[in-house]
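In: After the sequence you'll find the predicted model.
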Amino acid sequence: MQRSVCLALVFLLLAPPLAGAGKKPPTVETTRLKDGIHLLRGRGANVGVLSGKDGVLLIDTQYPKSTKPLRAAIRKISKKPIRFLVITHWHGDHVGGIQDLAKSGTAVIAHNNVRKRLASGGYLATADHQAPPATDQALPILTYSDTLTIHFNGQTVRCLHIPLAHTNGDTIVHFVESNVIHMGDIYFNGLYPYIDVNAGGNIDGMIRAVKKGLKIADSGSTIIPGHGPLANREDMKKYLSMLETIRGRVRPQVLAGKSLKEVQASKPTAEFDAQWGKLYLKPDQFTEIVYQGMQKPENRQTLKQGIQVICQAPKKAQGWKQASEPEKTMILASWIEKNLKNTEAINVFKALALAEASRKGQILRKAAREAGVDTCPMADMLSAR
């Protein structure tokens, strides 16, 4: 990774003091949403607060030094004890207050992978930083696998795990009756998102997770992003469009064997930079993260599986040989999509088709070779045309 990406990630995760801030404690801005739900914004993650007769439930905690001002802001909302803390993922700007709150009796909840990551420590490759193992007091005591429901203060609070998105332990929190959704760092509003490739994150999972959030949301939903201002469903749809467009421009180049510098030179983010590339990650940094995520072994395995299906289509699809030329393409494409095992593999197929264009099988043959697929009848058929 380039030094610029390292510096940006260190800023997000380790939170050095802002220039001129000195020893001045972090400030917290409180926004009332509805039905006892508030948003707290300061240094680090956006914190969700649900207060009522049963006590207080928090979503995330920001950094350790933010715990005191966070507590002060919460006391202005409610004097009742903080009974639950839901952690959306393992990064330092979300987990910094766990130990302090746990000592006061707060039950900490997170996905299984968050506890594992905190217990073992995690290597942030892009920042070359080894986060040490957390103490026992700084670990979640309640963990879940897929979904968890908390009935608290008259609300149904649903925690939903989305695999391999921003990390491998992300949680979306849905306050059902109030129609409020906390997306964690799956959603950066107005910023290109950091994706923790070393912790299993990738742009395919981010897109899948945003689509899940959109499925939950409606036109009246209030959406809390992990970073950035409050949003609604239309805002998050624009974020999804940005992610999908950039992925669609990067993946064909990865399949074609382009280097990172070549992909960056194509400026796949150009039309979005003014809105998304000013406050945090710069365009080349985000392109690098997307590119690196597509190089991970598990993603290469998805690529291989997808290419195997595409290559074997002429042998296994029925009825295409007798069809007219346009119908042949439709029959083969339909068979391929039907037999690809997951959404990511279908995206590989679409990107490969875009990269291939009129190259007569050259891109497919190269992609097959790099993925370890020995024979490719589809590439042979294309080259014979």
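Out: Everything's here; your move.
In: Partner strands of the longest strand belonging to the chain and their direction?
Out: Longest strand of the chain, by residue count under DSSP state E: strand 155-162. Paired with strand 155-162 in the same sheet, following DSSP bridges, are strand 147-152 (antiparallel), strand 170-175 (antiparallel).
In: could you dump that strand to CSV, C-alpha only?
Out: The C-alpha coordinates for strand 155-162 follow below in CSV (Å, rounded to 0.1, in the frame of the first residue of the first chain):
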residue,chain,number,x,y,z
GLN,A,155,-38.3,-1.3,21.0
THR,A,156,-37.4,-4.4,19.0
VAL,A,157,-33.6,-4.0,18.4
ARG,A,158,-32.4,-6.3,15.6
CYS,A,159,-28.7,-7.0,15.1
LEU,A,160,-27.9,-8.4,11.7
HIS,A,161,-24.5,-9.8,10.7
ILE,A,162,-23.3,-9.2,7.1
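In: Would you mark the buried spots in it?
Out: Neighbour counts using 16 or more other CB atoms under 10 Å place Gln155, Val157, Arg158, Cys159, Leu160, His161, Ile162 of strand 155-162 among the buried residues. No exception for glycine: its C-beta is placed from N, CA and C like everyone else's.
In: Return the item of those having minimum pLDDT.
Out: Across those, no position has a lower pLDDT than Ile162, which has 92.
In: partner residues bridging that one?
Out: What pairs with Ile162, by the bridge criterion (DSSP bridges), is Asp170.
In: From Val47, how far out is it?
Out: Ile162 is 20 Å from Val47, where distance means CB to CB, to the nearest Å.
In: mind saving the C-alpha coords of the helix or strand hosting Thr245 as PDB?
Out: If you go by DSSP states H and E, Thr245 is part of helix 233-255. Output of helix 233-255 as PDB, limited to C-alpha atoms (Å, rounded to 0.1, in the frame of the first residue of the first chain):
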ATOM      1  CA  ARG A 233     -32.700   5.800   1.900                       C
ATOM      2  CA  GLU A 234     -32.200   7.900  -1.200                       C
ATOM      3  CA  ASP A 235     -28.800   9.000   0.200                       C
ATOM      4  CA  MET A 236     -27.700   5.400   0.700                       C
ATOM      5  CA  LYS A 237     -28.900   4.500  -2.800                       C
ATOM      6  CA  LYS A 238     -26.500   7.100  -4.200                       C
ATOM      7  CA  TYR A 239     -23.700   5.500  -2.100                       C
ATOM      8  CA  LEU A 240     -24.600   2.100  -3.500                       C
ATOM      9  CA  SER A 241     -24.500   3.400  -7.100                       C
ATOM     10  CA  MET A 242     -21.000   4.900  -6.500                       C
ATOM     11  CA  LEU A 243     -19.700   1.600  -5.100                       C
ATOM     12  CA  GLU A 244     -21.200  -0.500  -7.900                       C
ATOM     13  CA  THR A 245     -20.000   1.900 -10.600                       C
ATOM     14  CA  ILE A 246     -16.400   1.900  -9.300                       C
ATOM     15  CA  ARG A 247     -16.400  -1.900  -8.900                       C
ATOM     16  CA  GLY A 248     -17.700  -2.300 -12.400                       C
ATOM     17  CA  ARG A 249     -14.800  -0.200 -13.700                       C
ATOM     18  CA  VAL A 250     -12.000  -1.900 -11.600                       C
ATOM     19  CA  ARG A 251     -12.900  -5.500 -11.900                       C
ATOM     20  CA  PRO A 252     -12.600  -5.800 -15.700                       C
ATOM     21  CA  GLN A 253      -9.100  -4.400 -15.500                       C
ATOM     22  CA  VAL A 254      -8.200  -6.800 -12.700                       C
ATOM     23  CA  LEU A 255      -9.400  -9.700 -14.900                       C
END
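In: and that helix, how far out from the chain's middle?
Out: Relative to its parent chain, helix 233-255 has a centroid offset of 12 Å by CA atoms, centre = their mean, to the nearest Å.
In: could you point out which element follows that helix?
Out: Past helix 233-255, the next helix or strand by DSSP H and E is helix 260-265.
In: can you list contacts of that next one?
Out: Contacts to helix 260-265, defined as CB atoms under 8 Å, 6 or more residues apart in numbering, come from residues Val250, Gln253, Val254, Asp284, Thr287, Glu288, Tyr291, Gln292.
In: Can you say which of the residues you listed are buried?
Out: Val250, Gln253, Val254, Asp284, Thr287, Glu288, Tyr291, Gln292.
In: how about these, which pair is most distant?
Out: By the measure CB to CB, Val254 and Asp284 form the most distant pair in the buried ones among the contacts of helix 260-265, at 15.7 Å.
In: Can you list the low-confidence ranges for the stretch 151-300 of the chain?
Out: Counting by pLDDT under 70, the stretch 151-300 of the chain has low-confidence residues at 296-300.
In: swap the cut-off to 90 and go again
Out: Within the stretch 151-300 of the chain, the stretches with pLDDT under 90 are 163, 198-200, 251-258, 278-280, 294-300.
In: And the residue nearest the centre of this protein?
Out: For the chain, the residue nearest the mean C-alpha position is His166 (2.8 Å; CA atoms, centre = their mean).
In: Distance check, it against Ile172.
Out: His166 sits 11 Å away from Ile172, going by CB to CB.
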